[in-house]
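Undergrad: next comes the sequence, and after it the predicted model I'd like to discuss.
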Amino acid sequence: MGETLKELIRTRKEAVLLLKAAELAQLATYVNTSASTVAYCDKYYNLNNDIDLSNYQTGAGWIPIGTTYSFNGIFDGNGKKITGL
């Protein structure tokens, strides 16, 4: 497909599948740094794999989604696990 996560979020009508820790981290960055979260609002995000965030324990560590600006989308964990926090 070749689309970046940002392109998928902006153009998709159906669920945006999150498969990797880096994609979840990128979503957190987009939401937390955008005063205008309209592009990310009302979108449906589906966690499609178990995700291990243990690589985010150094430096600034894991910064949760919605720490600066509210997350206004729909997040379906799909029965998957986020570990390593």
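TA: Good, I have the coordinates. Residues are numbered from 1 along each chain as shown.
Undergrad: any idea how far N49 is from I82?
TA: 10 Å (C-beta to C-beta, to the nearest Å). Glycine gets a C-beta too; all of them are placed from N, C-alpha and C.
Undergrad: so where do the helices sit in the protein?
TA: Listed from the start of the chain, the chain has helices (DSSP state H) covering 5-11, 21-33.
Undergrad: buried residues in the longest one?
TA: Spelled out, it's helix 21-33. Residues of helix 21-33 classed as buried: 21, 23-28, 30-32 (neighbour count, 16 or more other C-beta atoms under 10 Å).
Undergrad: residue ranges with poor pLDDT in the chain?
TA: Within the chain, the segments meeting pLDDT under 70 span 1-13, 35-39.
Undergrad: just list whatever residues bridge to T83.
TA: T83 has these beta-bridge partners by DSSP bridges: D52.
Undergrad: so how many other residues sit close to the nearest residue to G84 once chain neighbours are set aside?
TA: Leaving aside its chain neighbours, G84 sits nearest to S54 (3.2 Å; criterion: C-beta to C-beta, 6 or more residues apart in numbering). Neighbour count for S54, taken as other C-beta atoms under 10 Å: 11.
Undergrad: residue contacts, D42?
TA: D42 is in contact with 72-74, counting by C-beta atoms under 8 Å, 6 or more residues apart in numbering.
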